[in-house]
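Asks: Fold the following, please.
(one chain, ligands or ions: 1)
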Amino acid sequence: MKLKKGDTVVVTRGKDKGKQGTIEKAFASRGLVVVPGVNEYKKHVKKNVTGQASEILTMTRPLAIATVALICPKCKKQTRVGYMTTKDNRKVRVCRKCKKEI
Ligand SMILES: [Zn+2]
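Replies: Down below sits the predicted model:
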């Protein structure tokens, strides 16, 4: 999984193309991420037994990871994630553009 919670991403496809946000949840096994404000839909909640009034909620659907691109926190550019092994043998993510650890 190249992206994780807290990463800033930009949507590259679909109706929310160009929108930016921060990953709130990442589902590595399914390749999905949840970005608040992106891929929203309205959910109508019917009046229920507890007497709560019906309402329309705005929900966020998970997005396929392939439809978002990382914004590097260091150079602020849309980039791709690369990997590098440090001297102390840690595998770290790096920005392909500025080569800094992210
Ligand atoms: Zn960068």
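
Asks: Which residues does stretch 64-83 contact?
Replies: By C-beta atoms under 8 Å, 6 or more residues apart in numbering, the surrounding residues in contact with stretch 64-83 are 1-3, 7-14, 20, 31-33, 35, 91-98, 100, 102. Just so you know, the C-beta spots here come from the backbone N, C-alpha and C atoms, and that holds for glycine as well.

Asks: cutoff 7 Å now
Replies: 2-3, 7-14, 20, 31-33, 35, 91, 93-98, 100, 102 (C-beta atoms under 7 Å, 6 or more residues apart in numbering).

Asks: what's the following helix or strand after the one helix or strand Y41 maps to?
Replies: Element membership of Y41 [criterion: DSSP states H and E] is strand 40-45. Going down the chain from strand 40-45, the next helix or strand is strand 55-60, by DSSP H and E.

Asks: as a whole number, average confidence for that next one?
Replies: Mean pLDDT, computed over strand 55-60, is 92.

Asks: what's the following helix or strand after it?
Replies: Taking DSSP H and E, what comes next after strand 55-60 is strand 63-64.

Asks: Spit out the contact partners of the most centrally placed residue in the chain.
Replies: Central residue of the chain (C-alpha atoms, centre = their mean): I23, 3.6 Å from the mean position. Neighbour list for I23: L3, K4, K5, G6, D7, V9, V33, V35 [criterion: C-beta under 7 Å, 6+ apart].

Asks: Let's see that with 10 Å instead.
Replies: 3-9, 33-36, 38, 63, 65, 68, 70 (C-beta atoms under 10 Å, 6 or more residues apart in numbering).

Asks: List only those of those flagged as buried.
Replies: Burial by neighbour count, 16 or more other C-beta atoms under 10 Å: within the contacts of I23 this picks out L3, D7, T8, V9, V33, V34, V35, V38, L63, I65, V68, L70.

Asks: who's the last one bridged to?
Replies: When you say that, I think you mean L70. On the basis of DSSP bridges, L70 is bridged to V9, T79.
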